[in-house]
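Undergrad: coordinates only, no sequence provided:
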């Protein structure tokens, strides 16, 4: 059964189409399919639409620290990949299911469950490198085009069915059933070739980016072994078939690279601790006990990550002073660490002492004025300290360079509401709605902003935005 949060991704589509029969040994020559009717520009359009619908229909995590980490990891992999023709967008889904998936337009979703299962950064990077390869090789574009060759349905109908499934899985599945009628056997062979190709290219990317090339094979091997006899294996095993030959080939390919020691990533272990405490649906007291036990029995990969996890758990349990004390020690060792600075801001605000964090955040802001973790925490601290004008100045600068940052627009709505600047409050809400593809509602909110605007420049900007939203609404509807 599909959950509401499930998107019809590349890999899910593959498994759906291949479920009716067993695979044969012959693999088709897929040639240059994907370079024809579904052009790169058209794929970018669907990628744009996907991001809008994902913002509206998926439980995306807007956590600046985790988002910064996953984007940095993803872009590092992309910078070492070949045949990159699209901009990439990586985002986290609040879902304990062990899964990751790719979609048209360079979009890659990663479930929080992946962090809870992967033991190290190379395993996580291996899964993401695999998904990146699906996109660089245009596997979904190839499949959609192959479907259109075998079926009277148009490319727009096929891709539109996928987009519809983001918001309404049931309706999307019905649309896919109608538009896709090619034989299941040919789809199985096509899918299997894609998986092997994504493994091969993904391992090259993984090694090139400085990760352990065995990371991908290690992750999939452990997953297959653990759920070998399970009645309900994780979704990733259905979307990524794992025959023994595929695992063996992955290990052989990894073995071609030079063997060396790979340092355990602190940022990965900190991310894992953050997800464990804040996104794993365990009680704060249970989290405290978990990390206390880890530290007492030395059952951790990195002590700093265990201490950070304990500090987060104390914070969740509202033991703010204990959280602050542990985190302060971690900050002494790494004053610029984003995870520690974010928790320092959280504890200072929880203890009603925003002044304490403004100075250190301001010093970091001078060095990295575009870092979302530093900027957004500083804006919140300034707002709590009633330094509204300074908060507004920094937030506006940030939004100017990060116009699609959802959390920044939410902070702007709150800030302008406190400042009682109605025009900017409505305009910020309009931009937030537009990022969800809700352009008609966005136009109404921007219309209200126009009513309250008293400067001609603002009036002109808001009027132009209304016209843009109307065009974008037609643009989005044409893709569904």
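TA: Everything's here; your move. Treat the numbers as computed from the prediction; the structure is a model and nothing was measured.
Undergrad: contacts for whichever strand or helix holds residue 415?
TA: Assigned by DSSP states H and E, residue 415 falls within helix 406-419. Applying C-beta atoms under 8 Å, 6 or more residues apart in numbering, the external contacts of helix 406-419 come out as 55, 60, 62, 64, 372, 376, 379-380, 383, 388, 391-392, 395-396, 398-399, 402, 422, 424-425, 428-429, 431-432, 435. Every C-beta, even on glycine, is put in place using the N, C-alpha and C of the backbone.
Undergrad: tell me what the helix or strand where residue 451 lies is packed against?
TA: Per DSSP H and E: residue 451 is located in helix 439-452. Other helices and strands packing on helix 439-452, by 3 or more C-beta pairs under 8 Å, 6 or more residues apart in numbering; DSSP states H and E, are helix 422-434, helix 456-479.
Undergrad: residue 108 - that's part of a helix, no?
TA: No - using DSSP: H, G, I helix; E, B strand; the rest coil, the secondary structure at residue 108 is strand, not a helix.
Undergrad: which strand residues bridge it?
TA: Beta bridges link residue 108 to residue 90, residue 102, judged by DSSP bridges.
Undergrad: got the contact list for the helix holding residue 451?
TA: Here helix 439-452 has contacts from 422-427, 429-431, 433-434, 458-459, 462-463, 465-466, 469-470, 472-473, 476, using C-beta under 8 Å, 6+ apart.
Undergrad: let's go with 10 Å and repeat that
TA: 52, 421-436, 438, 453, 458-477 (C-beta atoms under 10 Å, 6 or more residues apart in numbering).
Undergrad: what about residue 343, how many neighbours?
TA: The number of residues packed near residue 343 is 26, by other C-beta atoms under 10 Å.
Undergrad: ok, it - contacts?
TA: 65, 270, 274, 308, 311-312, 315, 323-324, 326-328, 330-331, 337, 377.
Undergrad: buried ones among those?
TA: 65, 270, 274, 308, 311-312, 315, 323-324, 326-327, 330-331, 337, 377 (16 or more other C-beta atoms under 10 Å).
Undergrad: farthest-separated two in the residues you listed?
TA: Spanning the widest gap among those are 326 and 377, at 18.5 Å by C-beta to C-beta.
Undergrad: residues of the helix holding residue 415 that come out buried?
TA: 406, 408-409, 411-413, 415-416.
Undergrad: can you check stretch 357-373 too?
TA: 357-358, 360-361, 364-365, 371-373.
Undergrad: repeat for stretch 338-346
TA: Those buried within stretch 338-346 under the rule 16+ other C-beta under 10 Å are 338-346.
Undergrad: stretch 373-387 now?
TA: 373-385, 387.
Undergrad: rounded mean pLDDT for it, please.
TA: The average of the pLDDT scores along stretch 373-387 is 98.
Undergrad: how far does it sit from its chain's centre?
TA: Centroid separation for stretch 373-387 versus its chain: 25 Å, with C-alpha atoms, centre = their mean, to the nearest Å.
Undergrad: swap in stretch 282-289?
TA: 26 Å.
Undergrad: swap in stretch 272-288?
TA: 20 Å.
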